[in-house]
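Q: From the sequence below, what's the structure:
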Amino acid sequence: MEVLPKLIVFSAPSGAGKTTLVRHLLTKEELNLAFSISAASREARGGEIDGKDYYFLGIKEFKNRIRANDFLEFEEVYQDQFYGTLKQEVERLWGEGKNVIFDIDVVGGLRLKKKFPNRTIAIFVKPPSINELQIRLKKRKTETAEKIAMRVAKASTEMATAPQFDVIIKNDDLDAAKELAYKTVHEFINKKVSNDEEE
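A: As a prediction, the model looks like this:
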């Protein structure tokens, strides 16, 4: 058995801090991580760059790629707002010998775990409370009150999936959460695993 490139999945309700943890881990060269850029059907928001933040495909192109079976996973997160992981993105990064890290929704995260059970660790980032989540989302000042309400409503459903993940990191102390995330990922990537049976 050899040490094969791995998939490290971070999922959480919006505002729980998963992006902060992923960015922190990407600075650790010894983990040999590369970020998987997700595809999105929406338009780029202010300052976002195609091919860096997301692959912005547009709704029509996204649906064409679904029909072509180009995704490892995808999800209609809100009506007509799709996000997904392109097979070619993961293959490209694995081809470079990198461990691939994801910042994706809970449904997508669990789908990847199911597809590559031995090569994936699925980590759920839990906010201290739904109330704290609401405060964090308001502080961002990037979304309308209606959008925040949608995200908070969705968070309760997402929190219920936490037991299906391999590891739960409660983010009520950012330094402690960073430390635990590092330790968890470091141990996992150094574990020898056999190839998965892929679909």
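Q: so when I look at Glu75, I'm seeing a strand, right?
A: Yes. Assessed by DSSP: H, G, I helix; E, B strand; the rest coil, Glu75 belongs to a strand.
Q: what about it, neighbour count?
A: 18 (other C-beta atoms under 10 Å). All C-beta spots, glycine's among them, are computed from the backbone N, C-alpha and C.
Q: so what's the nearest residue to it once chain neighbours are set aside up against?
A: The shortest distance from Glu75 to any non-neighbouring residue, by C-beta to C-beta, 6 or more residues apart in numbering, is to Val107 (4.8 Å). Counting by C-beta atoms under 8 Å, 6 or more residues apart in numbering, Val107 makes contact with Glu73, Glu75, Thr161.
Q: Any chance of CSV for these, columns distance to Ala122 and pLDDT?
A: Output for the contacts of Val107, formatted as CSV (distance: C-beta to C-beta, whole Å; pLDDT from 0 to 100):
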residue, distance to Ala122, pLDDT
Glu73, 12, 95
Glu75, 15, 90
Thr161, 10, 94
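Q: could those residues be laid out in TSV, adding distance to Gly95?
A: Output for those, formatted as TSV (distance: C-beta to C-beta, whole Å):
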residue	distance to Gly95
Glu73	19
Glu75	25
Thr161	31
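Q: wait, which of these is closest to Thr20?
A: Of all the contacts of Val107, Thr20 sits closest to Thr161, with 20.5 Å by C-beta to C-beta.
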